[in-house]
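S.K.: Turn this into a structure:
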Amino acid sequence: MSAEQTPEEIAALLQDFLLAHPKAVVLEDGRIAFDLQAAQYSIQQQPGRCTLQLWSETRNLSRRVVAVTQRRDTLKLSTLRLGQTKPQTLEIVAQPERRTPTSREGTRQRFLPVLQRMLQREFPDWIVDPLQSAMDLERSFGPAYARGALHRGQQAWAVVGVNAEESQATIDGILTIGILWLQLCRERAGGKRLFQGLLLFVPSRTATVTLTRLGWLRSDAAQWRLFEFSSRTEDIEERDPADIGNLSTHLIHLPDEAAARERFASPLATLLALLPAAAQPLVEQRLRSSSELALLLYGLEFARIRMRAAARSFTSEAEISIGAGANETLLTPTTEPQLRAFLQELFERRHPSGSPNDPLFRSAPEAWLESVLRQNIGPLAAGQGSFAQFDPDHVYPQVPAFQAGDRGMLDLLSVTRDGRLAVLELKANEDLHFALQGLDYWIRVRWHHVQPADPQTSLGMLQQHGYFGGVRLSPDPPRLFLVAPSLRIHPATEQVLRFFKREVDWTLLGLHEQWRRTLRVITRQRSA
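M.R.: Take a look at the predicted model:
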């Protein structure tokens, strides 16, 4: 950008970018200097200058920012050190890849002959076609996955593998890619070869999620085989989808909302007094635990109250903080004017009629959708008959919880009027893995639902933990509802859903694009 940028414009660009990308990293000389998931920052605007301060446990940095250039998901800063006149460059990258592009590409290319050798050794009587990993955006194939086929006469298998240097999320995405690749292989074969199924190759000790998913795919549509390999020895072990042990999932007891309201009443009143009067009814309160209450605006958490033990006392005292992540700030008499101004700006910019170009409007869209449905889930059932008439008194977020934070959860659990559990997977933007992520949640809810009831109370595991009080739950499997704006449903979603077993009763709901203003379903598809 030109040097005519004012400090006010620079500060606004920095604030908006960092708010929209809380997982960004700061690069200095091409190396990661600060990871903003762990580091903190401050943007100070003074007459004639904008100063960016960054600090972590290991280092700190202070730079005057004189110009900002944004390209895609990168913000390039022209900065000056104290007492220097020659500008230096810092980069803030929204979605960092920890490896350099050259290193990443090299690792993927070296994996191709490794997978080729493993296939030839494991299937000596079959012909292995050359493997590829080229990008194919039209069919959603990325370079992280090696793809190929092996055949013997008219029999054939589709093959997909992923190397050990990829992230666990990439490895877990192999099944979506595998299903799409199997379909493409069958289409290209034109009946000359019979592709009986899919072979998947993942690094050792990374197969748990894929194994769990495979158990719920139709065996009449394809055969599914999964292998783990050692990157060091290239040894292969086939895994059995039936041998996955307990799911990494757990239930927490439903918090006592009435007791929490009493406990947090005084600090909550202090916090609400900082907000514009008209904004107070819009605030959503979310009890994170018996000692923490979060406040949200259309799904975006902007403040929290924590109860902590008071020093030299057996009593507890409230701690109020405002902001999120690296920008979280404790409410004190000193910070109150700054935080009051922040809250005023937040409520002025984040509302259903806000500007789509505003980062505060765009931020956390799936959390916004979850918030809308928690308050009014009824519109999802319009025109769908009694099977989707949800009970509005029983809508719970993030139940059950996933262990170890294996993926961000923005899901809802409810119940339909006939007593069937209803699992809702939500997406606000296009996601290739939408269908299988919904299946993940469905599997976990079903697992808890089928556990033996308590012999004394006859309550199932969910009701033992306080959920669905007074409801007679059906023993039938949960229903799965996939909910997203209709234009943001990835084409792969329908293809993958066709491979789900009949026990997975799914419904795909497409919302009107203006769902923030009016929630309305415009497309519906159900399993057979």
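
S.K.: for the stretch 301-450 of the chain, what spans make up the helices?
M.R.: 336-349, 359-362, 365-375, 434-449 (DSSP state H, counting those that start in this stretch).

S.K.: what does the chain give?
M.R.: Along the chain, counting by DSSP state H, helices occupy 7-20, 101-122, 168-172, 174-189, 208-214, 257-272, 336-349, 359-362, 365-375, 434-449, 461-464, 492-497.

S.K.: Could you pull up the residues touching Gly419?
M.R.: With contacts defined as CB atoms under 8 Å, 6 or more residues apart in numbering, Gly419 is in contact with 471-474. All C-beta spots, glycine's among them, are computed from the backbone N, C-alpha and C.

S.K.: same question, Ile322
M.R.: 271, 274, 302-303, 328-329, 331, 339, 342-343.

S.K.: Residues in a beta bridge with it, which ones?
M.R.: Legend: beta-bridge partners of Ile322 under DSSP bridges are Ala303, Thr329.

S.K.: before we move on, back to that, could I get the helices of the stretch 301-450 of the chain as JSON lines with distance to Leu211 and mean pLDDT?
M.R.: Output for the helices of the stretch 301-450 of the chain, formatted as JSON lines (distance: least, CB to CB, whole Å; pLDDT from 0 to 100):
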{"stretch": "helix 336-349", "distance to Leu211": "43", "mean pLDDT": "93"}
{"stretch": "helix 359-362", "distance to Leu211": "36", "mean pLDDT": "89"}
{"stretch": "helix 365-375", "distance to Leu211": "27", "mean pLDDT": "94"}
{"stretch": "helix 434-449", "distance to Leu211": "11", "mean pLDDT": "94"}
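
S.K.: could you redo those helices as JSON lines and give each row mean neighbour count and distance to Thr107?
M.R.: Output for those, formatted as JSON lines (neighbours: other CB atoms under 10 Å; distance: least, CB to CB, whole Å):
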{"stretch": "helix 336-349", "mean neighbour count": "15", "distance to Thr107": "42"}
{"stretch": "helix 359-362", "mean neighbour count": "19", "distance to Thr107": "34"}
{"stretch": "helix 365-375", "mean neighbour count": "20", "distance to Thr107": "31"}
{"stretch": "helix 434-449", "mean neighbour count": "23", "distance to Thr107": "25"}
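
S.K.: Please name whichever of those is nearest to Gln183.
M.R.: Nearest to Gln183, of all those, is helix 434-449, at 13.6 Å by CB to CB.

S.K.: and the closest one, what does it pack onto?
M.R.: With contacts defined as 3 or more CB pairs under 8 Å, 6 or more residues apart in numbering; DSSP states H and E, helix 434-449 has these neighbours: helix 174-189, helix 208-214, strand 249-250, strand 421-426, helix 461-464, strand 479-485, helix 492-497.

S.K.: Repeat the analysis, applying 7 Å as the threshold.
M.R.: Using 3 or more CB pairs under 7 Å, 6 or more residues apart in numbering; DSSP states H and E, the elements in contact with helix 434-449 are helix 208-214, strand 421-426, helix 461-464, strand 479-485, helix 492-497.

S.K.: in its sheet, what does the fourth one sit against?
M.R.: Partner strands and pairing direction for strand 479-485 (DSSP bridges) are strand 421-426 (parallel), strand 505-511 (parallel).

S.K.: can I have the last one written out in CSV, keeping just the CAs?
M.R.: What follows is strand 505-511 as a C-alpha-only set of coordinates in CSV (Å, rounded to 0.1, in the frame of the first residue of the first chain):
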residue,chain,number,x,y,z
ASP,A,505,-30.7,-41.9,9.2
TRP,A,506,-29.5,-38.6,7.7
THR,A,507,-31.1,-35.4,6.5
LEU,A,508,-29.2,-32.7,4.6
LEU,A,509,-30.7,-29.2,5.1
GLY,A,510,-29.7,-26.2,3.0
LEU,A,511,-30.4,-22.8,4.4
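
S.K.: hang on, the earlier thing: would you turn the strands paired with strand 479-485 into TSV with distance to Ala294, mean neighbour count and mean pLDDT?
M.R.: TSV is the format used below for the strands paired with strand 479-485 (distance: least, CB to CB, whole Å; neighbours: other CB atoms under 10 Å; pLDDT from 0 to 100):
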stretch	distance to Ala294	mean neighbour count	mean pLDDT
strand 421-426	18	26	96
strand 505-511	25	21	97
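
S.K.: Just put the ones you listed in TSV and tack on distance to Ser219.
M.R.: Putting those into TSV (distance: least, CB to CB, whole Å) gives the following:
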stretch	distance to Ser219
strand 421-426	23
strand 505-511	18
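
S.K.: Just give the nearest non-adjacent residue to Arg286, would you?
M.R.: Distances taken as CB to CB, 6 or more residues apart in numbering put Ala294 closest to Arg286, at 4.5 Å, once the chain neighbours are dropped.
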